[in-house]
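> Could you look at this predicted model? Sequence included:
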Amino acid sequence: MPIWIFRMATLAAFPLLTYTFIKQDWMTVLGGLLCGAIVVAGEVLFKRLRLIKIMIACTGLLMGYMLFVLISYGVVRFEHQEAINWWNTYAFKAEIALLVFGVLASIWKSRDLEGLSYKGHHLKIADITALMDGRIIDLCEINFLSGVIVLPVFVLDELNKMASSNDPLERARGRRGLDVATRLQELKEITVRVTNKNAKAPTMEERVVKLAKSLDAEVVTLDFNVNKAAVLQNVIALNIADLATALKPVVLPGESMSLFVMKEGKEKDQGVGYLDDGTMVVVEDGRRSIGKRVEVAVYSILQTSSCRMIFAKVK
């Protein structure tokens, strides 16, 4: 409420002051009202703009003025009378044009740095596999991922290309990735920024890792190739698949569990069941127990970077 009082007071004060102290006619009142409106518009604009945007605009203003000074110096040093006369005639207009050009150009180019005004591990670049998987949304909603999620434009372009593919599976993956990117931008729990910054590399995985390297950022992925490239570039990779594996219940050799044997295994007399988290359990001599819940004893565990398998025997 106080801000509206300030705005209304400004719109009323300027016409009153100009009418009282400058000239008592309607044109003066109209000019005062216009000045008040400019002040209010400036206040609203500066309130909505972030500080980095204002700083970038001021930098562009300074660059435009420096360009004007250099051109003016060059014209004077050129010592051509017609050019000097022309410059003296249009110098003010050229100065305004260069100042406006500097501000607009700086603001336009600042889109490349949107959300990336400073570097650090608070930036987390989501690659194409993280977007297609979708679990990144759950991690953001429970505040497990903090900072700023960065969506590179080249990743979104690749998802658009996949969404237009003739292959139904690839098209579905591309559309899911775009849906996840849209849902991320709607989340209130975390900040999401889209950046035009790019990195030159032959593959998509290397481009993501090099971009993260240049920003001192982290990569959110499910791709094992991104993990390997990140290790080579000394970049931190947050692999959602590794996180899911690490959070699976700990089962030690010698423990017993109740398991429903769903189907037969690849080897003779093997049966296969699954834990609640999806971990595969291969049961020796479990073929005859298919369709039944039996007590099994764990005797071996195979852990890889992508999955975990448990080997057990029927008790």
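Structure received. Numbers count the residues shown, from 1 in each chain.
> domain assignment for the protein?
What automatic domain parsing lists as the domains of the chain is 2-112, 123-246, 256-314.
> got any ranges where this protein has weak pLDDT?
1-2, 6, 45-54, 109-121, 304-306 (pLDDT under 70).
> all helices for it, in order.
Secondary structure of the chain (DSSP state H): helices at 2-21, 26-48, 51-78, 81-109, 128-133, 135-141, 153-163, 168-186, 204-215, 224-232, 240-246.
> Looking at these, which is nearest to V261?
Between V261 and the helices of the chain, the shortest gap by C-beta to C-beta is with helix 240-246, which sits at 23.2 Å. Backbone N, C-alpha and C define where each C-beta goes, glycine included.
> Counting by contacts, list what that closest one packs against.
Packing partners of helix 240-246 (3 or more C-beta pairs under 8 Å, 6 or more residues apart in numbering; DSSP states H and E): helix 135-141.
> which residues are contacting the helix it packs on?
Applying C-beta atoms under 8 Å, 6 or more residues apart in numbering, the set of residues contacting helix 135-141 from outside is 126, 130, 145, 149, 180, 183-184, 187, 189-190, 220, 240, 244.
> Can I have the buried ones of the residues you listed as a ChimeraX selection?
The buried residues among the contacts of helix 135-141 can be selected in ChimeraX (16 or more other C-beta atoms under 10 Å) with this line:
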select :126,130,145,149,180,183,184,190,220,240
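> biggest strand in the protein, by residue count?
Ranked by residue count, the top strand of the chain under DSSP state E comes out as strand 293-303.
> Does anything pack onto it? Which helices or strands?
Contacts defined by 3+ C-beta pairs under 8 Å, 6+ apart place strand 293-303 against strand 256-264, strand 280-284, strand 308-314.
> just the domains of the chain: most buried one?
Most buried of those, by mean neighbour count (mean count of other C-beta atoms under 10 Å): domain 123-246, with a mean of 18.
> Could you tell me the end-to-end distance of it?
23 Å (C-alpha to C-alpha, to the nearest Å).
> ok, the residue nearest to I71 when sequence neighbours are not counted to M63 distance?
Nearest in space to I71, with sequence neighbours left out and distances taken as C-beta to C-beta, 6 or more residues apart in numbering, is A94 at 7.2 Å. Going from A94 to M63 by C-beta to C-beta, to the nearest Å gives 15 Å.
> With V272 instead?
Taken as C-beta to C-beta, the span from V272 to M63 is 67 Å.
> what do you get for M8?
Between M8 and M63 the distance is 38 Å, computed by C-beta to C-beta.
> Okay, and the beta partners of M257?
Note on M257: beta-bridge partners V296, judged by DSSP bridges.
> isn't it right up against P249?
No. The criterion here is C-beta atoms under 8 Å, and M257 misses it with P249 at 9.7 Å.
> so how far is P253 from V296?
Remark: distance between V296 and P253 (C-beta to C-beta) = 12 Å.
> ok, back up a step: out of the contacts of helix 135-141, the closest to L99 would be?
Closest to L99 out of the contacts of helix 135-141 is I149 (36.1 Å), distances taken as C-beta to C-beta.
> can you pull the contacts of that closest one?
Residues in contact with I149 (C-beta under 8 Å, 6+ apart) are 124, 126, 136, 140, 184, 190-193, 220.
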